[in-house]
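Novice: build me a structure from this.
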Amino acid sequence: MQLEGEREPLEAARAAKFPPPLAAAWPELSELQATVARNSDVCSIGSPVQSIYFAKEFEEDGLPLPGELLALYAWADGFDLSCLTTRVPVFSLLPSQSIDVSDAGEGYPRRAAVFQGGDEVQLSVYRDRKKQWWLVYEYESQPIGKKVVDLRALVQFGLRRMNATVDDELDDVLSWDRFFDIVDR
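Specialist: Numbering: from 1, shown residues only. Below you'll find the model as predicted:
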C-alpha cells in the first residue's frame, strides 16, 4: 500500500523517458473510431499508450517492433472488433502488456504476436536480417503465411471484416487466407 503513492510519479518518469511516437493518423482509424462509438456493445478501443517502454524491453530481447506499430499503439493501446451483424470476434490489436512471443519454428524466427484475427488466428511481426518487416499469419499457433508489413492495409481489412454482412464473407472474400494470398490450405 505504501508504494501505491509512488506509482504515478514513476509512470510519469517512464513516459517522459520513453514517450510514444506521433499517433497514427490514417483515415481508417477515424472510421474505426466512429464505428466503434456507434457499436460499443460489440467493439472497443483502448486509450493511447503513455510510454513505449514495452518496445524497449522487446528490443533488448531481440524482438524489435516496427515504428508503424508503435504509432498504432500511440493511437490506441489495443482494440477489439467484432462483426457487426454476427457479433463474432474478427480482429484485435493486443494491448501492449499482452504482446506474446511466438517461438522460432517451421522456417520462421521468433516473433511478437500483436494481433488476433478471431478464433485461433494470431498475427505476429518480425524483422529479417535485411531489415524487412514481416506480418505472419498463424492458425492454431502454426505459421501459415507471411507478407510485408502494411498495418494500414491490415486495419482496412479488419474494418471490412467488422462490416461483413454474412458469415460466408468471413470464410471466403474476407478470410485471412485471402488476405495473405494463400490459395490451397
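Novice: keeping just the C-alphas, turn the strand or helix carrying residue 32 into CSV.
Specialist: Using DSSP states H and E, residue 32 sits within helix 27-38. Coordinates of each C-alpha in helix 27-38 appear next as CSV, following Å, rounded to 0.1, in the frame of the first residue of the first chain:
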residue,chain,number,x,y,z
PRO,A,27,-8.4,7.9,-42.2
GLU,A,28,-9.2,4.2,-41.4
LEU,A,29,-8.6,4.9,-37.8
SER,A,30,-11.1,7.7,-37.7
GLU,A,31,-13.6,5.4,-39.4
LEU,A,32,-12.8,2.7,-36.9
GLN,A,33,-13.3,5.1,-34.0
ALA,A,34,-16.7,6.3,-35.4
THR,A,35,-17.9,2.8,-36.0
VAL,A,36,-16.9,1.6,-32.5
ALA,A,37,-18.6,4.7,-31.0
ARG,A,38,-21.8,3.6,-32.7
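Novice: i'd like the first residue to be 55 from this point on
Specialist: From this message on, residue numbering opens at 55, which makes the last subject helix 81-92.
Novice: and the helices in this structure?
Specialist: Counting by DSSP state H, the chain has helices at residues 58-71, 81-92, 107-114, 121-129, 205-216, 221-225, 230-233.
Novice: shaky segments in this structure?
Specialist: Within the chain, the set of residues satisfying pLDDT under 70 comprises 55-61, 63-70, 238-239.
Novice: what about 90?
Specialist: 55-75, 157, 159-161, 172-173, 195, 219-223, 225, 237-239 (pLDDT under 90).
Novice: what's the neighbour count on the closest residue to residue 96 other than its chain neighbours?
Specialist: Leaving aside its sequence neighbours, residue 96 sits nearest to residue 136 (C-beta to C-beta, 6 or more residues apart in numbering; 4.2 Å). Yep, even glycine has a C-beta here, placed from its N, CA and C like the rest. Residue 136 has 20 neighbours, counted by other C-beta atoms under 10 Å.
Novice: against residue 79, how distant is residue 136?
Specialist: For residue 136, the distance to residue 79 (C-beta to C-beta, to the nearest Å) stands at 25 Å.
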